[in-house]
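Colleague: Need coordinates for the below:
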Amino acid sequence: MDSDTTFREDASTLWRTLRPVLLVLGFILGATITSLLVGIIGVIVLDLTAPASQRSPATVFLVAGALGEIGYAVFVGGLLYWKTDLLPDGLPFRLPTRRDATWVLAGVIVMVGAEYALTILFSSLHIPTAQNAAALEATKHASPFMFGGLIVESLLIIGPCEEILFRGLIQGYLRRHFSAVGSILLASFFFASAHLLSVQGSTTGVLNMILSLFSLSLVLGFAYERTDSLVVPVLIHGSYDAILFAGLGLSLLH
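Modeller: Reported below is the predicted structural model:
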């Protein structure tokens, strides 16, 4: 009798642990589908409103990319409207304080510094790395318009939309069920894994890229946990991406 009770208690505990993780996987699947649908609809509208001869590859890429990212925010907004109990306090947006500004500056410095340190390390050890699809496309159609568009999108669309999904919804939801460390680690794992389809290279290179993304995501998750403001990781993420695209653009167009 005692063994049956213990088994049921263990099973109940396991389910309480797995349930939020499985739900987060559902969130990511739903956000990915919404992103694809919004992107496809946007490209169709672009085809109907602008002749192919008037569209550059850079324009199509930037529009599709921006709409795909907006799809993340559309999914989160719809989900929280439908299920208000997922995050009872909503997404914690507020005007940044001086303390927040310090966190943003420190976060950007740490992430950019870590990115270049890892690049130098991998290069010196001849460790293969993968490349982001956006960076590859930008390199293929390098122009001031392309890199200018990517910088603007990083600050206004990519940073906000990805952080609304991964820090606002996913880390915020996991924080209700796990410790601060557990929720940051899980959210960072999901963030890095979700980028598998957007990196190209050898298997080893992709794994190294995912490991790098996981490490960088820890900075975003920690900043969000300590400030309780979604604006902070949004600004860190957007600035980080913008700096990387600006550096790539300067190296190719100089």
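Colleague: and the strand or helix carrying residue 45, what other elements does it pack with?
Modeller: Counting by DSSP states H and E, the element that carries residue 45 is helix 2-49. Contacts defined by 3 or more CB pairs under 8 Å, 6 or more residues apart in numbering; DSSP states H and E place helix 2-49 against helix 57-82, helix 172-175, helix 180-194. Placement of C-beta: from N, CA and C, glycine included.
Colleague: That helix vs helix 57-82, what angle?
Modeller: 140 degrees (axes from the mean of the first three to the mean of the last three CA atoms, to 10 degrees).
Colleague: Report the angle between helix 2-49 and helix 180-194.
Modeller: Using the same axes, to 10 degrees: helix 2-49 against helix 180-194 is 40 degrees.
Colleague: quick one: contacts of stretch 134-149?
Modeller: 56-58, 61-62, 65, 150, 198, 200, 244-246, 248-249, 252-253 (CB atoms under 8 Å, 6 or more residues apart in numbering).
Colleague: Among the residues you listed, the buried ones, what's the ChimeraX command?
Modeller: Listed next is the ChimeraX selection for buried residues among these, using 16 or more other CB atoms under 10 Å:
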select :58,61,62,65,150,198,244,245,248,249
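Colleague: List just the nearest of the contacts of stretch 134-149 to residue 18.
Modeller: residue 198 (27.3 Å; CB to CB).
Colleague: give the contact list for that closest one.
Modeller: So residue 198 contacts 132-134 (CB under 8 Å, 6+ apart).
Colleague: ok so, going back, okay if I get the helices and strands packed on helix 2-49 as JSON lines plus mean pLDDT and distance to residue 46?
Modeller: Below are the helices and strands packed on helix 2-49 laid out as JSON lines (pLDDT from 0 to 100; distance: least, CB to CB, whole Å):
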{"stretch": "helix 57-82", "mean pLDDT": "92", "distance to residue 46": "6"}
{"stretch": "helix 172-175", "mean pLDDT": "95", "distance to residue 46": "34"}
{"stretch": "helix 180-194", "mean pLDDT": "95", "distance to residue 46": "25"}
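Colleague: and residue 17, which of the ones you listed is closest to it?
Modeller: So among the helices and strands packed on helix 2-49, helix 180-194 is nearest, using CB to CB, at 9.8 Å.
Colleague: Check which residues of that closest one are buried.
Modeller: 183-192, 194.
Colleague: same for the following helix or strand past that helix, what does it pack against?
Modeller: With elements assigned by DSSP H and E, the helix or strand that comes after helix 180-194 is strand 199-200. Contact here means 3+ CB pairs under 8 Å, 6+ apart; on that basis strand 199-200 packs against strand 131-132, helix 133-140, helix 203-227.
Colleague: Surely residue 195 touches residue 211?
Modeller: No - assessed by CB atoms under 8 Å, residue 195 is found out of contact with residue 211, at 11.4 Å.
Colleague: Could you check which of those two has the larger neighbour count?
Modeller: Taking neighbours as other CB atoms under 10 Å, residue 195 and residue 211 compare with residue 195 leading, 18 against 12.
Colleague: what about residue 34, neighbour count?
Modeller: The burial count for residue 34: 20, using other CB under 10 Å.
Colleague: Return the per-residue confidence for it.
Modeller: Residue 34 is assigned 96 on the pLDDT scale.
Colleague: Quick check: closest non-adjacent residue to it.
Modeller: Excluding the flanking residues, the one nearest residue 34 by CB to CB, 6 or more residues apart in numbering is residue 75, at 4.0 Å.
Colleague: same thing with residue 182?
Modeller: Take residue 182 and drop its neighbours on the chain: the residue closest to it by CB to CB, 6+ apart is residue 174, 7.2 Å away.
Colleague: Next up, the contacts around that neighbour.
Modeller: Per CB under 8 Å, 6+ apart, neighbours of residue 174: 20-21, 24, 182-183, 186-187.
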